[in-house]
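Enquirer: Quick one, structure for this:
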Amino acid sequence: YPGPASVRPESGRASVLGEFGGNGFAISSHTWQGGNYESFTQWGYPQVESLVALEDLYASQVRDLRALASQEGLAAAIFTQLTDVECEVNGLITYDRKHTKIENLSAMNAVLYT
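Expert: A predicted model of the protein is given here:
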């Protein structure tokens, strides 16, 4: 973790990555503490400095998943996490659900299904 990575699947069993991601980025005024987000610990590893860096990191992880699926037989993966929560900013959507942090998320994920 944060991955993604995979071990070789066993014969007769699906290979599933139980958790990867954890990419942290806080959008000011859209966290649990609102504009005071720097006053408490922001959870996420790695922390990135911009939305562009977050998008680049996620795109790299999706490429890694695609390779694991095609080369290692990975059948499923679970991203951490869908939304920011109280003290964690590693979601794809802000705590107040007003912003999706990666605009072309659907297009990025589409490569996993082709």
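
Enquirer: And the strands in this structure?
Expert: Per DSSP state E, the chain carries strands over the ranges 15-21, 74-80.

Enquirer: what's in contact with the first one?
Expert: It refers to strand 15-21. 1-9, 58, 61, 65, 68, 72-81, 90 (C-beta atoms under 8 Å, 6 or more residues apart in numbering). For glycine as for every other residue, the C-beta is placed from the backbone atoms N, C-alpha and C.

Enquirer: List only buried entries from those residues.
Expert: Using 16 or more other C-beta atoms under 10 Å as the burial test, the contacts of strand 15-21 include 2-4, 6, 58, 61, 65, 68, 74, 77, 79-81, 90 as buried.

Enquirer: Make a markdown table out of the residues you listed and add pLDDT and distance to S50.
Expert: Below are those laid out as a markdown table (pLDDT from 0 to 100; distance: C-beta to C-beta, whole Å):
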| residue | pLDDT | distance to S50 |
| --- | --- | --- |
| P2 | 62 | 18 |
| G3 | 71 | 22 |
| P4 | 80 | 22 |
| S6 | 72 | 29 |
| Y58 | 95 | 13 |
| Q61 | 94 | 17 |
| L65 | 94 | 23 |
| L68 | 92 | 27 |
| L74 | 90 | 29 |
| A77 | 93 | 25 |
| F79 | 92 | 20 |
| T80 | 87 | 20 |
| Q81 | 90 | 20 |
| N90 | 90 | 15 |
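
Enquirer: of those, closest to S106?
Expert: Y58 (12.3 Å; C-beta to C-beta).

Enquirer: This completes my enquiry, with thanks.
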